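quick one: sequence and predicted model below, then my questions.
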Amino acid sequence: MTALRSHPRFVSLEGGEGAGKTTVLHALRDALRAEGVAVVNTREPGGTPLAEMIRNLLLDPAHEPPAAETELLLMFAARAQHVRETIAPALERGAWVISDRFTDSSYAYQGGGRGLDVGLIAELERRVVGLQPGLTLLLDVDVAQGRERTRGRDLAPGGNGPDRIERERDEFFERVRATYRARAAAEPQRFRVIDASQPAQAVATAAVAQLRAWRDGAA
């Protein structure tokens, strides 16, 4: 069986819609760079030209809706490319990597949300990805509040409207949130849960504090 390895300089951000991951991602990057640390910010699905093409297939509501299994396999196809072309090379050269989503999102969205077999996801994680973040920051926010934030963003000037997954019903996102919280409870050594119902700056400040504590401990 392929071993799943963890890397201390690999940090992932997870959470449901409207949790504020983009703001936190930028705050973490700026905090590390201010200390003279090389850092790569990236996202999933995406992070390489090919993986960004897969992202478009997955999220553009104009495309044919994929079956749940197709969605899962495309997510892992993009992730495999992401690891090999972006994440692993950055870690090998000594940089920190902060990713907006990683494999926990497949457990939450395709496992919890779609109801797919968690064993299949775990097998793909081991065989196709083989890598796990050393630290995962879960930005936890009530589904209603998070969706209200995304509606405001989508209606703002220049907004692109909700993508295919963002158009799911509240019940879907409740299952996603419950799965995230269960994973965090099961892996307290990796997860740090941050109350994302707070104002954006407060959430970013809390995330930076968690990253610094992790970095001090991992050094």
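Done, it's in.

could you pull out the helices for this protein?
21-34, 49-59, 68-82, 88-92, 103-105, 118-124, 143-155, 170-186, 200-218 (DSSP state H).

show me what contacts the nearest residue to Arg93 once chain neighbours are set aside?
Among residues not flanking Arg93 along the chain, Ala38 sits closest, at 7.6 Å (Cβ to Cβ, 6 or more residues apart in numbering). Just so you know, the C-beta spots here come from the backbone N, C-alpha and C atoms, and that holds for glycine as well. Applying Cβ atoms under 8 Å, 6 or more residues apart in numbering, we find Ala38 in contact with 93-96.

for those residues, which single residue is the most surrounded?
Among the contacts of Ala38, Trp96 has the most neighbours (other Cβ atoms under 10 Å), with 23 neighbours.

thought that residue was touching Glu35?
No - using Cβ atoms under 8 Å, Trp96 makes no contact with Glu35, being 10.3 Å away.

show me where pLDDT drops low in this protein?
Scanning the chain with the threshold set as pLDDT under 70 gives 1-2, 152-160, 218-219.

quick check, central residue of it?
In the chain, the centroid-proximal residue (Cα atoms, centre = their mean) is Arg101; its distance is 1.1 Å.

what residues are up against the residue nearest to that residue when sequence neighbours are not counted?
Distances taken as Cβ to Cβ, 6+ apart place Glu44 nearest to Arg101, at 4.1 Å, with adjacent residues excluded. Listed by Cβ under 8 Å, 6+ apart, the contact partners of Glu44 are 51, 75, 78-79, 82, 99-102, 105.

and Leu28, by the same measure?
11, 13, 39, 98, 207-208, 211.

count the residues that sit near Arg5.
10.

what pairs with it across the strands?
Taking DSSP bridges as the rule, Arg5 bridges to Leu131.

does it touch Leu131 like I think?
Yes - with contact defined as Cβ under 8 Å, Arg5 counts as touching Leu131 (6.1 Å).

in a markdown table, list the contacts of Glu44 along with distance to Ala31.
Listed next are the contacts of Glu44 as a markdown table, based on distance: Cβ to Cβ, whole Å:
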| residue | distance to Ala31 |
| --- | --- |
| Ala51 | 26 |
| Met75 | 29 |
| Ala78 | 28 |
| Arg79 | 26 |
| His82 | 23 |
| Ser99 | 16 |
| Asp100 | 16 |
| Arg101 | 20 |
| Phe102 | 20 |
| Ser105 | 23 |
